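Q: Kindly generate the corresponding structure for this input.
(one chain, ligands or ions: 1)
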Amino acid sequence: MSKRKLNDYIKILGREEIKEIKKFGDYLSGCSIQHINSTRVGGGVAEILENLIPLMREVGLSAKWSVLEGTQEFYNVTKAFHNALHGQDIEITPEMFDIYIENNKRNYKLIDNDEDFIVLHDPQPLSLIEKRKKNKTKWVWRCHIDLSEADIRLWGMLRMYVEKADGAVFHLPEYAKGLYIDQYIIPPAIDPLSDKNRELPDEVINETIEKFNIDKNRPIILQVSRFDRLKDPVGVIEVFKIVKRWHNCQLVLAGGAASDDPEGEKVLNEVRERSEGDPDIHILNLPPDSHIEINALQRAATIVLQKSVREGFGLVVTEAMWKGKPVIGGAVGGIQRQIIHGETGFLTQTIEGTAFRVRQLLGNPGLANRLGRQGKEYVRSNFLLPTYLKNWILLLLSLKHPERGIINLG
Ligand code: UDP
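A: Numbers count the residues shown, from 1 in each chain. As a prediction, the model looks like this:
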């Protein structure tokens, strides 16, 4: 777990903000909270819990993190749930639902009914809520995925569990559903002090660039993301081909290893084919712990693209904006929550439109700097870990005092 303290963030967010978070935290002092998710490592949920839980403890909450144990069959089912909730056309059979429920029953022992708060993350542990008792414990479902096009039948079943909670939390207002319980919107956040985001010495940035044979004297256009069609890496290559007619620049497509994902492997091959051995296109297939490499690539980039055609939130956009880079993103999902067109970056819909914006920024470094600077400040005010902690504290306070119309935080 992260050893960082709230005071370490004073230099980023200011003394007053950190003082306020601690003051709000005092109202919860002595309360206990249990987070339950389905994995301790890998993925955004684990990453955020790893960083959030020590800070929750620091403000006085007794915070615990429990992880589901599941069979391979269970994870296959929850992966199918995940895809269906993202809008893919997948048949969810009654047998799959039985596997889901049975596996969660075997995890009932995880639940500590003495807790003040229990937070279930995503659909995997959701049916643990069947074990809810009529006592003081407040239950929250934290949804990290975009449910706006969720499979109706599956959502209809999961919804029965969701409505047994006291509140549901989503990234964006568009992802909220028609529910009989209170819904809260909390966007995710990045940790500015983690290896992925902390400041790096120039030598580390230069060494990384050299290691990947990238020329540091020519502009670098970068997209970091899994090799997934929804991130449109092939579209990014088409954009680059247009831009290259006018500018002597390079493209870096950095993504995760795709060996366990047949679809990812296929997309990676397509991307390689499309780049047709162009020495100015660098396709980097990085291991999952390449945090410093990604940080260095983002810092070395001239322009960052995130040409997604669908996106839950898009933490890579947040990461690049935090590094003061001008970002051009697809006008979808959470990217639109982060990029204010013409102010903190550019939103685009097509290959031609994206190429136009890349050319505009390459030809106008002053504009690129302004967007980068404003983007960084926007992230500072909205999407950094201490703010995320503050939002959680306020949410828990409102659950703790449901009977009170006025909560005095003064
Ligand atoms: N990421 C990474 N290695 C890769 C590709 C992505 O570590 O090869 C990280 C990236 O820096 C970001 C996260 O994975 O922190 C991706 O989050 P995002 O919300 O952008 O997209 P998702 O992959 O969750 O759809």
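
Q: Which elements pack onto the longest helix seen in the chain?
A: In the chain, with assignment by DSSP state H, the single longest helix is helix 365-382. The helices and strands touching helix 365-382, judged by 3 or more Cβ pairs under 8 Å, 6 or more residues apart in numbering; DSSP states H and E, are helix 315-322, helix 335-338, helix 351-362. C-beta here means a position set from N, CA and C on the backbone, and glycine is covered the same way.

Q: Mind listing what's buried along it?
A: For helix 365-382, burial by neighbour count (16 or more other Cβ atoms under 10 Å) applies to 368, 371-372, 374-376, 378-380.

Q: pLDDT wise, what is Glu265 at?
A: The model reports Glu265 with a pLDDT of 86.

Q: er, Ser62 I mean
A: 97.

Q: Pick the most buried one from the helices and strands packed on helix 365-382.
A: Stretch with highest mean neighbour count among the helices and strands packed on helix 365-382: helix 315-322 (a mean of 26; mean count of other Cβ atoms under 10 Å).

Q: any idea how far Gln124 lies from Asn76?
A: Distance, Gln124 to Asn76, by Cβ to Cβ, to the nearest Å: 12 Å.

Q: So for the two, which residue has more residues nearby?
A: Higher neighbour count among Gln124 and Asn76: Gln124, with 27 against 13, using other Cβ atoms under 10 Å.

Q: Quick check: Trp155 touching Leu85?
A: Yes: Trp155 is within contact range of Leu85, at 6.9 Å (criterion: Cβ atoms under 8 Å).

Q: Next, format the buried residues of helix 365-382 as CSV and append distance to Trp322.
A: Listed next are the buried residues of helix 365-382 as CSV, based on distance: Cβ to Cβ, whole Å:
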residue, distance to Trp322
Ala368, 16
Leu371, 13
Gly372, 10
Gln374, 12
Gly375, 8
Lys376, 6
Tyr378, 10
Val379, 5
Arg380, 8
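
Q: one step back: of the helices and strands packed on helix 365-382, give the one that comes closest to the ligand.
A: Set against the ligand and scored by Cβ to the nearest ligand atom, the helices and strands packed on helix 365-382 come closest in helix 315-322, at 3.6 Å.

Q: Show me what the closest one is packed against.
A: Applying 3+ Cβ pairs under 8 Å, 6+ apart, we find helix 315-322 packed against strand 220-224, helix 291-300, strand 303-306, strand 327-330, helix 335-338, helix 365-382.

Q: then the fifth one to PDB, C-alphas only?
A: Spelled out, it's helix 335-338. C-alpha atoms of helix 335-338 as PDB (Å, rounded to 0.1, in the frame of the first residue of the first chain):
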ATOM      1  CA  ILE A 335     -13.300  12.300 -22.200                       C
ATOM      2  CA  GLN A 336     -16.000  15.000 -22.600                       C
ATOM      3  CA  ARG A 337     -16.000  15.500 -18.900                       C
ATOM      4  CA  GLN A 338     -12.300  16.300 -18.900                       C
END
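
Q: Which residue, other than its chain neighbours, is closest to the residue in the stretch 151-300 of the chain positioned nearest to the ligand?
A: Sorted by distance to the ligand under Cβ to the nearest ligand atom, the residues of the stretch 151-300 of the chain start with Gly256, at 3.3 Å. Of all residues not flanking Gly256 in the chain, Arg226 sits nearest, at 5.1 Å (Cβ to Cβ, 6 or more residues apart in numbering).

Q: where do the strands sit along the stretch 1-150 of the chain?
A: For the stretch 1-150 of the chain, the strands defined by DSSP state E, counting those that start in this stretch cover 32-37, 62-67, 117-121, 138-142.
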